[in-house]
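based on what follows, work out the 3D shape:
(one chain, ligands or ions: 1)
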Amino acid sequence: MEEQQAQAKKLILSGIQPTGTITLGNYLGAVQNWQKMQTEFDSIFFVADMHALTVRREPSEFRQTALNFFAQFLACGLDPRQCIMYFQSHVRQHAELQWILNCNTYVGEASRMTQFKDKSAKHADNINMGLMDYPVLMAADILLFQSDLVPVGIDQKQHLELTRDIAIRFNNRYGETFKVPEGYIPTTGAKICSLQDPTSKMSKSDPDENATVSVTDDEATIVRRFKRAVTDSGSEICVREDKPGISNLINIYAAIENKSPQDVEREFAGQGYGTFKIAVGEAVAAKFNPIREDFLRYSADKKYLAELARDGAEKAASLAERTMRKVRKKVGFVAF
Ligand code: TRP
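Below you'll find the model as predicted:
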């Protein structure tokens, strides 16, 4: 009975690139939702370190950042007894499937991806093959586990569409092999914008440190950054298109406190921007304080992290291998 119930659960899978630290945007847009979903679904969450290599990284710093991400997963409440969590680079099948999918993806399709075009413009000195192949690796991540649902931000929707196209094409050519996944764009967790330029998304790679806050920041830092947050002219605390700064702060407060933006408008009606900014900062700090403490504890315990990572990779590899055995046979590789 229990077995049957377990099988009836849908499988969700998602990953995040280890650059910088988990920001408020990543937390509200992704990791907090993962944490909530892990009991309802069979879930797989990984540190997408192979994806991160499309940009040049200093190796020792990269290694530390990736390890810290794993510790931040735990600190944010991902529970290795509930979900499978691991490093992408520890499971060889990702790269293996990517090659096979490469041979079933057209250069035209990959080069039309918006993110590829944007990133090529931004890193004109390093338009490497990996940058163009990024969405095919993502397709491999997803299809490897026969995922039902893939929680992604709106910026990854096009990659998910490509994944579906590749899966359908492969299934047509070789016979039913992959489950065709659905995107899962969470309704909660509005898009969180930069504290310094509230018309653009909060980004881990923003060079202006005042633009973001992270789960690993201490209270004083968080409150200071919110005090410095760019706001708009006028004094009314309300969500409005011509008030991107205040709207962003309202969305943040609402998401942290689990309230609607309208509730927040009512709560702060008649109050000044200054008071509101401090209230938002304090709410975020209250949420992140225990996460930061857990992060410090976990990241000091390398042995524990190593054990969990090894265990996660083993579980992931054994699931991935089921798909790969099918795939190798379908494409006609010799097997004895
Ligand atoms: N490309 C995703 C991002 O930048 C991260 C990612 C890698 C991912 N592989 C994935 C997300 C598979 C979902 C499923 O946000």
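
any idea which helix or strand in this protein has the lowest mean pLDDT?
Among the helices and strands of the chain, helix 2-8 carries the lowest confidence by mean pLDDT, DSSP states H and E, at a mean of 55.

list the helices and strands the helix or strand just after that helix packs on?
Moving toward the C-terminus from helix 2-8, the next helix or strand (DSSP states H and E) is strand 11-16. Counting contacts by 3 or more CB pairs under 8 Å, 6 or more residues apart in numbering; DSSP states H and E, strand 11-16 packs against strand 42-47, helix 129-144, strand 149-151. All C-beta atoms are positioned from the backbone trio N, CA, C, and that covers glycine.

residues near the closest residue to Ile166 other than its chain neighbours, how many?
The shortest distance from Ile166 to any non-neighbouring residue, by CB to CB, 6 or more residues apart in numbering, is to Ala139 (5.0 Å). Neighbour count for Ala139, taken as other CB atoms under 10 Å: 27.

what of the one 4 residues further on?
Leu143 is flanked by 27 other residues according to other CB under 10 Å.

go on, Glu267?
Using other CB under 10 Å, Glu267 is surrounded by 16 other residues.

need the pLDDT of the nearest residue to it once chain neighbours are set aside.
Leaving out its chain neighbours, the residue that sits closest to Glu267 by CB to CB, 6+ apart is Lys259, at 7.7 Å. As predicted, Lys259 sits at a pLDDT of 94.

ok, Ala167 next?
pLDDT, Ala167: 98.

make a markdown table out of the helices and strands packed on strand 11-16 and add mean pLDDT.
Formatted as a markdown table, those follow (pLDDT from 0 to 100):
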| stretch | mean pLDDT |
| --- | --- |
| strand 42-47 | 98 |
| helix 129-144 | 98 |
| strand 149-151 | 96 |
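
just name the most buried of the ones you listed.
Most buried of these by mean neighbour count (mean count of other CB atoms under 10 Å) is strand 42-47; its value is a mean of 25.

would you list the strands that it pairs with, along with their directions?
Applying DSSP bridges, strand 42-47 is found paired with strand 11-16 (parallel), strand 83-87 (parallel).

what sits up against that strand?
Identification of contacts with strand 42-47 by CB atoms under 8 Å, 6 or more residues apart in numbering yields 6, 9-16, 18, 34, 37, 66, 69-70, 73, 78, 82-88, 91, 141, 145, 147, 316, 319.

which of the residues you listed come close to the ligand?
Near the ligand, judged by CB under 6 Å from any ligand atom, the entries from these are 13-16, 141.

and these, which is closest to Gly245?
Ile16 (26.4 Å; CB to CB).

roughly how far apart are Ala261 and the ligand?
Quick fix: residue 261 reads Pro, not Ala. Look at Pro261 and the ligand: by CB to the nearest ligand atom, to the nearest Å, they are 25 Å apart.
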